[in-house]
Each structure stands twice: as structure tokens, then as C-alpha cells.
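Novice: turn this into a structure:
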Amino acid sequence: MKLCFGTYAKVLTLFLKNGKSNKELLHTIVHSVDPACKLPDNAVSLLLACKQNLPNNRANGLGKVIPTKMHSFYREAFVTLYKTHDANKGSYRRHYHSGLDIDEFSDYLSEFSFHSYRESKSEFTDMEFADYFGRLQINESGVKADDFAFDLYANLCLMLLDGNQYSFTHRSFQEYFCAVFFSKQNEKFMRRLGDFFELHKERMLGDSTFDMLYDMARPKVETNILIPYLQDLFDECDSGNGYWTFLERIYPVITYEKGEVNDYTTITPTSYLFDFVARLLNVDWKLHCEDLPENSNFLLNEYGSVHTGDGTFELVNIDDMEAVYAEYEYLQEDPVAEGWRYRFTIDQVCGRFTDITNVLEDDRFVFKMEYDAARRYFDELVAKHQRKDDFFAGLF
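Specialist: Numbers count the residues shown, from 1 in each chain. The predicted model follows:
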């Protein structure tokens, strides 16, 4: 869930309104915000650094208001670092060696972030920095790489310089500026961008670029990425075996557990874009993989408890009892199985194991609910943008 950043910002806003100290603020955030919340690692320091420079909104009595959208927060942070910080220091003004104003600097940094992000680089030697800067198509005024770099690390603190090694202060800044760059691109670029995220799914864990892009340019993302993606997916389903084709493509392998095991499996879509859509839809499922039946044909592991000798018990994989006896030499007999892990592929069960397929096809099952909800979402997106296109076309 990405809502937690907004929740976090609301906590800060409340504390600012009530005049609480930084120490009180940090204590409350650490102890009150759900640990599962996905926050940028530097959120606390950035918010505290920016809070004194946020505009007051006294008309509604809210005082200083923290943006609840992640991209809005980073925009405010950049403005604060570039401009507002000096405004609070009287006549003092930093000299920007690049000669770029705030909008120009944002454009330069956005393209720089794109080139480095595309190659999964957030740290650079001075030569690598110069190489990425040399790729900028926007640099028609002859700005030098060294001057741009100086402004980044000395004036804005958006990068660190250690010897000849540059790095973003935090990767989330690179993600934000990359999303800004994406949001300004044309239809052809955006359609290819969807393929980029699909191909690089594994590196997107903890990455917020696409989420911020969606918030910045939702119509572009919907019409050029999500609609074409869902169109291809459901065309394939319609020409194949419907929901079962969907499972083969998005959830081809299903692993689940019964009883007590040492860890539980989290199943995620094979597609980055469908994972994003599923998070948007957030279906209220009634059945999940743990509701699938036991089936010895697909038994993967069995687990049992052994006494550790200090009054506690530990779960072990009893499929390999030789290793268990080697580690627990005092054992007299095999542990009793109390947990089981199962795994099957969709093509193994389709049309064969009715005890399993009945659950998979149940309208309350999580993947079936995602499939049905995604089809409705796709139809709604197409209809919404068609209405909008027809409305504006009818004005001329």
C-alpha cells in the first residue's frame, strides 16, 4: 500500500500544527506508524529539513501542510533546497555555477536521472558523471559537467562527493527526477516505457518511480501504458482459455503451506504492470492460497518440531532427516509432521485436479477476483478516455 506516505505526512502536519518538537515528532513516528509502511529511508530527515520552509496556510487554520503525495513532497523538497532556504537567510544567495534557474535545473537533473536510472546507476566516478552529463539532449547552452556537479553536491546537497565518487543523497531523489522526465515524454516513448518496467521487474523492489509517474501523469500512463498492456493481456486470454490463460501468464507457479512451517510464501505476479494494477484495485478477497486443499501429488516439504535442549522447540525440514540427526544428535525418533508445503504449476492442475481447480475458479478466490476486477477496470479506463476524447473533439 502506498497510502502510508500520506499517513506519515499527516502525522508530521499534526505535530507542526500543535508546535511539537522534533524529538517528540520522531518518537511518535517511530512508535506509532505501522512498521509495514513503505517510506523513503530519508523521509524523516528530509521532512524535518523542509518543514520550516513550507508555506503557511493560515486561512484554514492548518498551519504548515506537508504534501501527502510522494512526488509532491520531493518537488517541495527540491524547491526548498534550491530556493526557499536562501529566502530565509536575508541577503545571502548561493551562486549556481551552472547558471541554471530552478526550472532549467530540474529539467537537466531529470534527464541526467533518466540516463543513469536506465542503467541502474546511482553512484558514479567523475568520468561516469561526465559521460551521463554528455548524453543530455537538453544541454544546448553549453553547461559544463563540473559546474552542474558542483551545484548538485555543494549548493543543493542532492548528491554526495567522496573523493572522485558521486552518489545521490538518496536513490529516491533519482527516482523522483526520473519520473519527472518520463512524465514529459511523448506517446511513442511512453509505450516503450511500459516494456522497460516489465523487463526490469526484479530491480523494481522498493522502487517508487512508476508510482510517482502515475500520480504525476495519470492520463498518459493509463492511455499509453496500462490500457495497451491490459488490452494485450485480455486479447491473449480471450483467444486462449480465459482465466486459465491469465493464471498461466501471471501466476504460473503456486506455492502454499498448511500447518506450521518455518516461513510462508508470498506469491507475486510475474508482470510488473499487473502487480501495479493489482495494488491499485486491492481486491477484498475471501479465499487465498492457504485455502487450497492438501494434495500429496504436489507435496514439496514436511516440517516438524524438535526440542533444542533449552526448553524451546524449532521447526525443521523432516524431508532430510540425515541432516536433522546430524544437527540434533540427541534425537531418539523422527519428529511428527505438523506443517506441509505444496507447489504446482497451472498446467499441471488445469482440467485434472478438481479439488484444486474448484478453489482456483471460485469467484471469491484472490486471483479470480483480481482477474475479474482487472477486466472491469480495463473496460472503465477505455470508456473513460473515449468519453473524454469525444467531449473535447466535439468542442471544435
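
Novice: where's Val253 relative to Phe344, distance?
Specialist: 8 Å (C-beta to C-beta, to the nearest Å). Heads up, the C-betas are built off the backbone N, CA and C, glycines and all.

Novice: let me fix that: Gly134
Specialist: 52 Å.

Novice: compare these two and say which is more crowded by neighbours.
Specialist: Phe344 (19 against 10; other C-beta atoms under 10 Å).

Novice: wasn't the more buried one part of a helix?
Specialist: No: judged by DSSP: H, G, I helix; E, B strand; the rest coil, Phe344 forms no part of a helix; its state is strand.

Novice: okay, domains of the protein per the record?
Specialist: 4-68, 89-216, 245-300+342-376 (automatic domain parsing).

Novice: and the ones you listed: which comes nearest Asp390?
Specialist: Distance to Asp390, taken as C-beta to C-beta, is lowest for domain 89-216 among the domains of the chain, at 18.7 Å.

Novice: which residue ranges form the strands in the stretch 151-300 of the chain?
Specialist: 159-162, 165-168, 253-259, 299-307 (DSSP state E, counting those that start in this stretch).

Novice: which other helices and strands contact the last one?
Specialist: Spelled out, it's strand 299-307. Strand 299-307 sits against strand 313-317, strand 337-345, with contacts defined as 3 or more C-beta pairs under 8 Å, 6 or more residues apart in numbering; DSSP states H and E.

Novice: identify the residues contacting the last one?
Specialist: The set of residues that contact strand 337-345 without belonging to it, under C-beta atoms under 8 Å, 6 or more residues apart in numbering, is 252-262, 265, 292, 294-295, 297-305, 315, 318, 353, 356.

Novice: if we can go back for a sec, of all the helices and strands packed on strand 299-307, which lies closest to Glu111?
Specialist: strand 337-345 (43.3 Å).

Novice: next SSE after that closest one?
Specialist: Following strand 337-345 in sequence order, the next helix or strand is helix 346-349 (DSSP states H and E).

Novice: next, the contact list for the closest residue to Gln348 other than its chain neighbours, please.
Specialist: In this structure, Gln348 finds its nearest non-sequential neighbour in Phe298, 7.5 Å apart by C-beta to C-beta, 6 or more residues apart in numbering. The contact partners of Phe298, by C-beta under 8 Å, 6+ apart, come to Tyr342, Arg343, Phe344, Gln348.

Novice: and these, which is closest to Phe367?
Specialist: Phe344 (13.6 Å).

Novice: distance-wise, check that closest one relative to Asn295.
Specialist: Plainly put, Phe344 is 8 Å away from Asn295 if you go by C-beta to C-beta.

Novice: overlap of the contact sets of those two?
Specialist: Contacts common to Phe344 and Asn295, judged by C-beta under 8 Å, 6+ apart, are Phe353, Ile356.

Novice: ok so, going back, which among the contacts of strand 337-345 count as buried?
Specialist: Buried by 16 or more other C-beta atoms under 10 Å: 254, 256-257, 261, 292, 298, 301-305, 315, 318, 353, 356, out of those.
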